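Q: just to be clear, the model below is a prediction. Sequence and coordinates:
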Amino acid sequence: MTPQPFPDGSPGEDGPDTSRRGVGARPAGDHRYPAGPERPEPIYCFLIEDSGRDQVSFRRWTRRRADTTGDCPVHGRHAAVRISFHRSEEPATSRISRHDDESFAPDDPRWPSTCECGYRFADDDHFHSLREPLYVGPPPDQDAMMLVTLNQAPPGAIWRAPWLEEYRQSRGPDGHSYVCMLPTGPWLIDGVAKGGKRWTRSGDPPRFTVRPSVIHLRADSLEAYCGLLTDGVVEPL
């Protein structure tokens, strides 16, 4: 199974390349946040680690046209999701961030039987299950531990991605691949940015210092975040 790559960023003002796939190069100065209340707060990083448990989403929805099943007043198309939690049977070093799981039979009782509007799913309506590892860690502003999938991880979460470490371009000099969640999405610290340049990482997780700064764009928009990670704190630039 091929791991899904994380969105890459671009080296910031200390680096020679500020471009990214699909976006022209722009001076890092264009990304500086203005002083005042609109300036983002610093992001304090914390480490999340594989909990050994998975979240499985059991989803059903209609493939057929609405005129054969009736319009759903809630979703437009009839759909429902049920969440279940399972202990993982895979070692953490081989678990990718998320993948389809086709091991559940159609008669498994965990599949939703009805849409929120009351429509009862037919045998030929669509089945889909998604398995995602759950990660656990202590957020800096909370007393309780956080249990999240990687898609749910808040800005500041840092995790090791061992499924990427077999690729030379995705690992650091210590052989490890680390990812930091930014407001615009996950940043592969040990990856290669547009133009072939790389960041340098020092320190122990989560108190990394990374140079140069990063300009990271959200995958589905042109929203950009520019920051500098020093001793576990991402300062907006």
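A: Cool, got the structure. Just so it is clear, the model here is predicted, and its values are computed rather than measured. Numbers count the residues shown, from 1 in each chain.
Q: what residue ranges in the protein score low on pLDDT?
A: Scanning the chain for pLDDT under 70 picks out 1-37, 63-70, 90-98.
Q: quickly list the domain ranges of it.
A: The chain breaks down into these domains under automatic domain parsing: 10-48+153-236, 51-134.
Q: mean neighbour count added to those, as CSV?
A: (Glycine included, C-beta is placed from N, CA and C.) Converted to CSV, those look like this (neighbours: other C-beta atoms under 10 Å):
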stretch, mean neighbour count
domain 10-48+153-236, 17
domain 51-134, 14
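Q: could I get those as TSV with distance to Leu147?
A: Conversion of the domains of the chain to TSV gives the following (distance: least, C-beta to C-beta, whole Å):
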stretch	distance to Leu147
domain 10-48+153-236	9
domain 51-134	6
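Q: compare the ones you listed and give me the one nearest Asp141.
A: In terms of C-beta to C-beta, the element of those nearest to Asp141 is domain 10-48+153-236, at 7.7 Å.
Q: which parts of the chain are helices?
A: Here the chain has its helices, by DSSP state H, at 66-69.
Q: centroid-nearest residue for it?
A: For the chain, the residue nearest the mean C-alpha position is Asn151 (3.9 Å; C-alpha atoms, centre = their mean).
Q: so it sits right up against Glu132, yeah?
A: Yes - counting by C-beta atoms under 8 Å, a contact exists between Asn151 and Glu132, whose distance comes to 7.0 Å.
Q: thinking again about what came up before, of all the domains of the chain, which lies closest to Pro140?
A: Of all those, domain 10-48+153-236 comes closest under C-beta to C-beta, at 4.4 Å.
Q: any idea how far apart the tips of stretch 149-156 sit?
A: 14 Å (C-alpha to C-alpha, to the nearest Å).
Q: now do that stretch: distance to the chain's middle.
A: Distance, stretch centre to chain centre, for stretch 149-156: 6 Å (C-alpha atoms, centre = their mean, to the nearest Å).
Q: contacts for that stretch?
A: Contacts to stretch 149-156, defined as C-beta atoms under 8 Å, 6 or more residues apart in numbering, come from residues 43-46, 48, 55, 97-98, 132-135, 139-140, 146, 148, 159, 179-183, 186, 234.
Q: at 6 Å instead, please
A: By C-beta atoms under 6 Å, 6 or more residues apart in numbering, the list of residues contacting stretch 149-156 from outside reads 43-46, 55, 97, 132, 181-183.
Q: that concludes my questions; thank you for your assistance.
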